[in-house]
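Chemist: Got a sequence here, can you build the structure:
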Amino acid sequence: MSAQPQRCFSCDRELEQLYVCVPEGEHPDEYLIAEAVWVSPLDRQIGFCGRCYQRQLFVGLKPEEIVALHWSFGRCDADDSRQTIEKKIGRLLLAVEGLPCGEVYCALAYAYEPVRQRL
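Modeler: Predicted coordinates for the structure are as follows:
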């Protein structure tokens, strides 16, 4: 497998930013990459930023790669807020539709656990 991609597949922005110059008056979210994932469900490895994922800029991706992105952006962390977890559960449900396998179901069960505990 080749080296991990350095740029987002969709927008071509650098994924691992050491510094970012934000022009005066511009919104930092247009320049900063807060979240990035790397997936390789097929023969190629792709990097993808959170902004392109939220905008569903999936042109050029195969269905299996899109499912992998739903899974990657849907995985929950222990410190995620309830609102974040609910958003990620929606992403994982999209992943289950495209790839109903144990790894995706486990991520979905893990996401539901904090919600269940808070009820």
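Chemist: pLDDT wise, what is the residue most central in space within the chain at?
Modeler: Centroid-nearest residue in the chain: Phe73, 2.6 Å away (criterion: Cα atoms, centre = their mean). If you check Phe73, the pLDDT there is 94.
Chemist: That one and Val37 touch, don't they?
Modeler: Yes. If you go by Cβ atoms under 8 Å, Phe73 and Val37 touch, sitting 6.2 Å apart. Yep, even glycine has a C-beta here, placed from its N, CA and C like the rest.
Chemist: so the residue nearest to the centre of the chain is in which element?
Modeler: Taking DSSP states H and E as the definition, one finds Phe73 inside helix 63-74.
Chemist: Helix or strand next in line after that helix, which one?
Modeler: helix 82-98.
Chemist: Now that next one: buried residues?
Modeler: Within helix 82-98, the residues that qualify as buried are Ile85, Lys88, Ile89, Arg91, Leu92, Leu94, Ala95, Val96, counting by 16 or more other Cβ atoms under 10 Å.
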